[in-house]
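Visitor: generate a structure from the sequence data that follows.
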Amino acid sequence: MFDERYRKVLKRHRQLSRGYVTKLEKTGVIVHKPMRQAREVMSFSALLLPFGILFFLKAAIVTVLGEDGYRQQVDLLREGGFIEQMGAVFMQIDPITAPLSRMLAYIIG
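Guide: Model (predicted):
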């Protein structure tokens, strides 16, 4: 029991040593809260999930439209304004999207 409490105190001390914010609770007690670090807020898995979803959705669109139809749509974007041209750069078929769309086509049938 003592070792567990000792580990909690050390952990809390480490957290507060990286920076803290002093807050006043409703009860009138002054509490020191550790500041969140940038690496805690934006972890690798938090970035990986949205990019994975975007690649999957892009592959689904390629599967539904077909590669030729999809390329025609991207070519239409290239002829547009600056925003459309930037969208065309991001929406072109890349090395991740092509095999993923083939795998989706195989699954869908």
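Visitor: what residue ranges in the chain score low on pLDDT?
Guide: 37-42 (pLDDT under 70).
Visitor: domain map for it?
Guide: Domain assignment for the chain by automatic domain parsing gives 2-41, 44-108.
Visitor: quote the end-to-end distance of the longest one.
Guide: Put plainly, it is domain 44-108. End-to-end distance of domain 44-108 (CA to CA, to the nearest Å): 31 Å.
Visitor: just give me how far it sits from the chain centre.
Guide: 17 Å (CA atoms, centre = their mean, to the nearest Å).
Visitor: any idea how far the residue lying closest to residue 91 once chain neighbours are set aside lies from residue 96?
Guide: Leaving aside its chain neighbours, residue 91 sits nearest to residue 74 (5.5 Å; criterion: CB to CB, 6 or more residues apart in numbering). Bear in mind the C-beta positions are built from the backbone N, C-alpha and C, glycine included. Note on residue 74: its distance to residue 96, by CB to CB, to the nearest Å, is 16 Å.
Visitor: this structure: strands as residue ranges?
Guide: 20-24, 30-34 (DSSP state E).
Visitor: dump the ones you listed to JSON lines, plus distance to residue 69.
Guide: Output for the strands of the chain, formatted as JSON lines (distance: least, CB to CB, whole Å):
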{"stretch": "strand 20-24", "distance to residue 69": "54"}
{"stretch": "strand 30-34", "distance to residue 69": "53"}
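Visitor: and those strands: which comes nearest residue 58?
Guide: Closest to residue 58 of the strands of the chain, according to CB to CB: strand 30-34, at 39.1 Å.
Visitor: give the partner strands of that closest one in its sheet and their orientations.
Guide: According to DSSP bridges, strand 30-34 has the following sheet partners: strand 20-24 (antiparallel).
Visitor: just the C-alphas of the partner strand, formatted as PDB.
Guide: Written as PDB, here are the backbone C-alpha positions of strand 20-24 (Å, rounded to 0.1, in the frame of the first residue of the first chain):
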ATOM      1  CA  TYR A  20       1.100  23.400 -14.000                       C
ATOM      2  CA  VAL A  21      -1.800  25.800 -13.700                       C
ATOM      3  CA  THR A  22      -3.200  26.900 -10.400                       C
ATOM      4  CA  LYS A  23      -7.000  26.800 -10.200                       C
ATOM      5  CA  LEU A  24      -9.500  27.700  -7.500                       C
END
